[in-house]
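>>> Sequence plus the predicted model coming up.
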Amino acid sequence: MSIASLLQRPFSVKRIPGFATIAIITFFCLYAPVIILVAYSFNAGTSLAIWEGFSLVWYQQAIANEAVQAAGLRSLALASIAATIATVAATMAGLATTRKRPFKGQTAVYTLINQPLMVPEIVTAVALLIFFAIIKVATGYQGMGYLIVAHTAFCIPFAYLPIRARLQGMDLSLERAAADLYATPWLTFKRITLPIMAPGIMAGFMLAFVISLDDVVISEFVKTPGQETLPTYMLGQLRRVVTPEVNAISSVLLAISILFVALFFFLNSRRS
Amino acid sequence: MTQQNSSPSMKTAKEVEEFARRQDTKNRLLLASPAILIITLFAAGPLLIVVLYSFLTAGDYGNVKWIFSTDGWFSVFMQRDIFDDTLQIADAHVSIFWRSIKLSLLTTVLTAAFGIPTAYFIATRPLSQRNLWLFLITVPFWTNLLVRTIAVMELIRGEGVINNVLRWAHIIDDPIQMMFTDFAIAFGMTYVYLPLMVLPVYASIEKLDFRLVEAAYDLYANRWKCFWRVILPIVKPGMIAGSILVFVPSLGAYITPRVLGGGKNLMFGNLIELQFGQGRNWPLGAALSISLMVLVMVALLYYVKVSGGDDNNEHR
């Protein structure tokens, strides 16, 4: 055996030369742009290129901007309402489509619930634009209702996913034991089923909240002029001169998303 | 469980059971009804209106006139010459379709080139580390698509990070024009859709039994032969799944081409939007939407076939 081969790493069947390098490059490329974006939100200067020292001036400016305030509050309200309704509907649907023998037509229900995931967002957006245009002409209603129902609809599959997963992993003998001990169906649900599925419901709510908060395409088509959400406001700003204010808003949205996703992972990893 | 008995009394038992099952179906449908209702009204149902609108006449100021017409579908591929009224292929549309398909394929290839080694890397980490690496891949996917697109934009702009670094290093004197090109769109889509390639490929590599690889080495296969003949065939379903999961949203992408492609490098999604904005041709926009949806559905059905209907396994 030559010296050179002795100096090499021990042979591993799992190693493929170059793959680890590409993987590290991929992780670097995945995070570098986002880190740069966040870094420049703390830049003191107007430039997005020259670093002029640390400052919170762009955050202050974003918070003081009334358009940003209004859009931010609207986004939060919209995400809260849509995610809540979606989670309740998804929880009920989850209870209906798991744990027992599938009922007749269950596959159809399952396909329908997942339908918003199958159709390109732009197509759903256009469909809602047309549908709501008809309703607007008929009723004259111009309010937030359009955004709320649109968001609720596409949030349902995202809320449904973790709830269903949780219920499928559930030990059914617990419910039967409760029934054997003369618990009423409602009491069994309250004391056994609900606590077991609670992490799934929480995870579903958070996923739905993040999805609603981040939505651009459907909001852009459905909103009545003047009803900007934070992402549609940012999209509008990109047409003009981009200042680090957009970076500041982006960073806040990133922070919220990362927080929710981390919590989601935490809840999901604590399987019973 | 039910007894295999055909006495008359058991028949009534069967009827009772049948009644109970029907009652159960009714209750559970009722339980699922809010979700069914909301999605039918505000996601699935409106698609039917799109089909209807694709067969109407364009209004003068947007919207439609309620007169049947196939002009919308006709203008997806064809147009009439303004001067002599002859039929022509709609070059502008064809070039946009071609760009959409070309850039989506390019995105799929690029995400595969980076995503497959990354998935392999994650799957071969010790179990204790794997969740962390997976988490790192998943986080960008759940963060705002627009924000990630803006991050790419700030990287490749004229006064962006890449151009500044190159100028600072005196490699170039004038900034390279990267924004508003097909390259920018493909780069951006690769960046935003990469996790969609990594996750399914990871799932299939994770199931790989490395004793097979060992056996291949024992039989004097070299590294590449081992990769091509043992690992790749096993991982193939995951790669096909990942490719479709990347190709489908790329084809329907709207935000990334709008921000990075500017107004001129349109893709399918932008062409649709144009018909509802400046184009004022809702029937054409509706026809384009249906076409896009059908393309995507075909790809997704193929995906379900390849991935073996992930969601039907439970009923077996």
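Sure, I can see it. Residues are numbered from 1 along each chain as shown, chains lettered A, B, ... in the order given.
>>> gap between the helix or strand hosting A:Arg176 and the chain center?
If you go by DSSP states H and E, A:Arg176 is part of helix A:173-180. Between the centre of helix A:173-180 and the centre of its chain there are 35 Å (Cα atoms, centre = their mean, to the nearest Å).
>>> That one: which residues count as buried?
A:175, A:178 (16 or more other Cβ atoms under 10 Å in any protein chain shown). From N, CA and C alone the C-beta is placed, and that goes for glycine too.
>>> contacting residues around B:Val192?
B:145, B:148-149, B:152, B:256 (Cβ atoms under 8 Å, 6 or more residues apart in numbering or on different chains).
>>> Wasn't it part of a strand?
No: read with DSSP: H, G, I helix; E, B strand; the rest coil, B:Val192 is helix and lies in no strand.
>>> still on that earlier bit, now flag whichever of the contacts of B:Val192 is closest to chain A.
Using Cβ to the nearest Cβ, the shortest approach to chain A within those belongs to B:Val152, at 5.7 Å.
>>> okay but the closest one is in contact with B:Gly188, surely?
Yes: between B:Val152 and B:Gly188 a contact is recorded at 4.6 Å, counting by Cβ atoms under 8 Å.
>>> what number of residues lie near A:Ser212?
Using other Cβ atoms under 10 Å in any protein chain shown, A:Ser212 is surrounded by 28 other residues.
>>> my bad, should have said B:Ser104
24.
>>> and it, what element?
Assigned by DSSP H and E, B:Ser104 falls in helix B:91-123.
>>> Any part of that helix near chain A?
Yes: for helix B:91-123, a contact with chain A is found by Cβ under 8 Å from any Cβ of the partner chain, at B:113-115, B:117-118, B:120-122.
>>> now, the most widely separated pair of the residues you listed?
B:Ala113 and B:Ile122 (16.1 Å; Cβ to Cβ).
>>> The two - which one has more neighbours?
For the pair B:Ala113 and B:Ile122, the greater number of neighbours falls to B:Ile122 (24 against 13), based on other Cβ under 10 Å.
>>> what's the spacing between the closest residue to B:Gln177 other than its chain neighbours and A:Leu147?
Using Cβ to Cβ, 6 or more residues apart in numbering or on different chains and skipping the chain neighbours, the partner closest in space to B:Gln177 is B:Gly158 (7.0 Å). B:Gly158 is 35 Å from A:Leu147, where distance means Cβ to Cβ, to the nearest Å.
>>> that older thread, pull out the buried positions in the helix holding B:Ser104.
B:93, B:96-97, B:99-101, B:103-108, B:110-112, B:114-123.
>>> Next up, the contacts around the nearest residue to B:Met197 once chain neighbours are set aside.
Leaving aside its sequence neighbours, B:Met197 sits nearest to B:Gly115 (Cβ to Cβ, 6+ apart; 3.4 Å). Counting by Cβ under 8 Å, 6+ apart, B:Gly115 touches A:26, B:194, B:197-198, B:201, B:242.
>>> ok, 10 Å please
A:22-23, A:26, B:108, B:137, B:190, B:193-202, B:239, B:242-243, B:246 (Cβ atoms under 10 Å, 6 or more residues apart in numbering or on different chains).
>>> What is the neighbour count of B:Arg167?
The burial count for B:Arg167: 16, using other Cβ under 10 Å.
>>> Check B:Leu245 too.
Close neighbours of B:Leu245, defined as other Cβ under 10 Å, add up to 22.
>>> how close does the residue in the stretch 51-200 of chain B that chain A sits nearest to get to B:Tyr202?
Closest to chain A within the stretch 51-200 of chain B is B:Phe121: 3.4 Å, counting by Cβ to the nearest Cβ. According to Cβ to Cβ, B:Phe121 stands 9 Å off from B:Tyr202.
>>> Show me whatever sits in contact with both of these two.
B:Trp133.
>>> Number of residues surrounding the closest residue to B:Gly279 other than its chain neighbours?
Spatial nearest neighbour of B:Gly279, chain neighbours left out: B:Gly285 (7.1 Å); criterion: Cβ to Cβ, 6+ apart. By the measure other Cβ under 10 Å, the count of residues near B:Gly285 is 27.
>>> All the strands of chain B, in order from the start?
Applying DSSP state E to chain B gives strands spanning B:56-58, B:64-68, B:78-80, B:87-89.
>>> Quick one: low-confidence residue ranges for chain B.
B:1-11, B:308-316 (pLDDT under 70).
>>> domain ranges for it?
B:1-52, B:90-315 (automatic domain parsing).
>>> Pick the most deeply packed of these.
Highest mean neighbour count of those: domain B:90-315, a mean of 19 (counted as mean count of other Cβ atoms under 10 Å in any protein chain shown).
>>> Run through the helices of the chain in chain order.
If you meant another chain, say so; for now it's chain A. Under the criterion DSSP state H, helices of chain A are mapped to A:3-7, A:19-41, A:57-64, A:66-96, A:106-118, A:121-139, A:145-168, A:173-180, A:185-188, A:194-214, A:217-222, A:230-237, A:244-269.
>>> that's the wrong chain, I wanted chain B
Counting by DSSP H, chain B has these helices, from start to end: B:8-39, B:45-53, B:71-77, B:91-123, B:127-142, B:145-156, B:161-168, B:182-206, B:210-218, B:223-226, B:232-251, B:255-261, B:268-276, B:282-306.
>>> Switch the ones you listed over to TSV; also include distance to A:Phe154.
Below are the helices of chain B laid out as TSV (distance: least, Cβ to Cβ, whole Å):
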stretch	distance to A:Phe154
helix B:8-39	9
helix B:45-53	12
helix B:71-77	26
helix B:91-123	22
helix B:127-142	15
helix B:145-156	14
helix B:161-168	34
helix B:182-206	18
helix B:210-218	41
helix B:223-226	44
helix B:232-251	14
helix B:255-261	15
helix B:268-276	16
helix B:282-306	15
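>>> excluding its backbone neighbours, what's nearest the residue of chain A found nearest chain B?
Taking Cβ to the nearest Cβ, chain B has its nearest neighbour within chain A at A:Pro120, 3.0 Å off. Leaving aside its chain neighbours, A:Pro120 sits nearest to B:Gly252 (3.0 Å; criterion: Cβ to Cβ, 6+ apart).
>>> roughly how far apart are the one you found and B:Ala43?
Applying Cβ to Cβ to B:Gly252 and B:Ala43 gives a distance of 15 Å.
>>> Which residues are in contact with the closest residue to chain A within chain B?
Closest to chain A within chain B is B:Gly252: 3.0 Å, counting by Cβ to the nearest Cβ. B:Gly252 makes contacts with A:119-123, A:217, B:100, B:104, B:267-269, B:272, B:289, B:292-293, B:295-296, as judged by Cβ under 10 Å, 6+ apart.
>>> go with 6 Å
Counting by Cβ atoms under 6 Å, 6 or more residues apart in numbering or on different chains, B:Gly252 touches A:120, A:122, B:269, B:292.
>>> what's the neighbour count on the second one?
Summarising burial for A:Ile122: neighbours were counted as other Cβ under 10 Å, giving 27.
>>> Tell me where the model's unsure across the stretch 151-272 of chain A.
A:270-272.
>>> Which residues of it lie near chain B?
A:152-153, A:156, A:214, A:216-217, A:231, A:238, A:250, A:253-254, A:257-258, A:261, A:265 (Cβ under 6 Å from any Cβ of the partner chain).
>>> Compare the residues you listed and tell me which has the most neighbours.
Going by other Cβ under 10 Å, A:Ile156 tops these with 32 neighbours.
>>> Next, work out how far apart that residue and A:Ala79 are.
Distance, A:Ile156 to A:Ala79, by Cβ to Cβ: 14 Å.
>>> next one: B:Asp91
43 Å.
>>> Also B:Asn164?
Counting by Cβ to Cβ - B:Asn164 and A:Ala79 are separated by 36 Å.
>>> do A:Asn65 as well
In terms of Cβ to Cβ, A:Asn65 sits 20 Å off from A:Ala79.
>>> higher neighbour count, the two?
Using other Cβ under 10 Å as the criterion, A:Asn65 and A:Ala79 rank with A:Ala79 on top: 23 against 15.
>>> Please name the residues that touch the more buried one.
Here A:Ala79 is in contact with A:209, A:212-213 (Cβ under 6 Å, 6+ apart).
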